[in-house]
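Undergrad: Would you be able to build a 3D model of this:
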Amino acid sequence: MALMFENKMKVRDYECDAQGVVNNAIYLHYFEATRHELMEACGLRLRDLTEENILPVVRNANISYKSSLRGSDEFICTVKIEREGVRYFFYQQIIRIEDNTLCANAVIEVVCLVNGKVAMPEIFDKAFAGYITWRNKK
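TA: Below you'll find the model as predicted:
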C-alpha cells in the first residue's frame, strides 16, 4: 500500500479575503507547497531538476472547495500519488486540524518535460517509490 504524505501548515492573515476566509486561489499554493515538501522529503530539489533540464509541470488542476479556512487556522495538506503512463496524479486534501473538517480536495495532474519534451523520468519513480500507486500497470 502506498504511503500518504502530510504537511502541517497555518493560514496567514494576508491570505484571507474581505470576508475573512482564505481566498480560493491560495488553496492552489497550499497544494503546490505540499508537493514541493514531498519532493524535498524524497531527496528531490526543484532547482537541481531545473539545472538538469527536468521540469515537472502542472497539466491540469481540479479543486473542489468544501469548507472555508480562516486566518490562523492550522491544517494538514495531504498527498497520494497515482501514475499512468507519463502522467502523475496527485490526490490532495486540506483538513482543518481543530475539527478535522475537510476544506478542499484536489486532483493535480503533472507531467515532466525533459529537455523540452514530455518524458518519463525514472528519477521521480525512484524518489516517490513508496508513495506511488500504478494505474493500469502491465
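Undergrad: out of all of them, which helix in the protein is the longest?
TA: helix 24-41 (DSSP state H).
Undergrad: So residue 93, which state does it fall into?
TA: What DSSP: H, G, I helix; E, B strand; the rest coil gives for residue 93 is strand.
Undergrad: so which strand or helix has the residue lying closest to it once chain neighbours are set aside?
TA: Spatial nearest neighbour of residue 93, chain neighbours left out: residue 78 (4.9 Å); criterion: CB to CB, 6 or more residues apart in numbering. All C-beta atoms are positioned from the backbone trio N, CA, C, and that covers glycine. Using DSSP states H and E, the element containing residue 78 is strand 74-84.
Undergrad: orientation of that strand relative to helix 24-41 in degrees?
TA: Following axes from the mean of the first three to the mean of the last three CA atoms, to 10 degrees, one obtains 70 degrees for the angle between strand 74-84 and helix 24-41.
Undergrad: follow-up on the earlier one: ok, now which ones touch the residue nearest to residue 93?
TA: Counting by CB atoms under 8 Å, 6 or more residues apart in numbering, residue 78 touches 4-7, 34, 92-95.
Undergrad: Only the buried subset of those residues, as a ChimeraX command please.
TA: The ChimeraX selection below is limited to those of these classed as buried (16 or more other CB atoms under 10 Å):
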select :5,7,34,92,93,94,95
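Undergrad: Partner strands of the longest strand anywhere in the chain and their direction?
TA: Determined from DSSP state E, the single longest strand within the chain is strand 101-114. Taking DSSP bridges as the criterion, strand 101-114 forms sheet pairs with strand 54-65 (antiparallel), strand 87-96 (antiparallel), strand 117-119 (antiparallel).
Undergrad: Kindly reformat the ones you listed as CSV containing mean pLDDT and distance to residue 111.
TA: Output for these, formatted as CSV (pLDDT from 0 to 100; distance: least, CB to CB, whole Å):
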stretch, mean pLDDT, distance to residue 111
strand 54-65, 97, 5
strand 87-96, 97, 6
strand 117-119, 94, 5
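Undergrad: Point out the most buried one among these.
TA: strand 87-96 (a mean of 20; mean count of other CB atoms under 10 Å).
Undergrad: Please export the C-alpha coordinates of that one as PDB.
TA: Only the C-alpha atoms of strand 87-96 are listed here, as PDB (Å, rounded to 0.1, in the frame of the first residue of the first chain):
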ATOM      1  CA  ARG A  87       1.200  11.400 -16.100                       C
ATOM      2  CA  TYR A  88       1.300  11.700 -12.300                       C
ATOM      3  CA  PHE A  89      -2.000  12.300 -10.400                       C
ATOM      4  CA  PHE A  90      -1.500  14.000  -7.100                       C
ATOM      5  CA  TYR A  91      -4.700  13.400  -4.900                       C
ATOM      6  CA  GLN A  92      -4.600  16.100  -2.300                       C
ATOM      7  CA  GLN A  93      -6.800  17.200   0.700                       C
ATOM      8  CA  ILE A  94      -6.700  20.100   3.100                       C
ATOM      9  CA  ILE A  95      -8.100  19.200   6.500                       C
ATOM     10  CA  ARG A  96      -8.600  21.700   9.300                       C
END
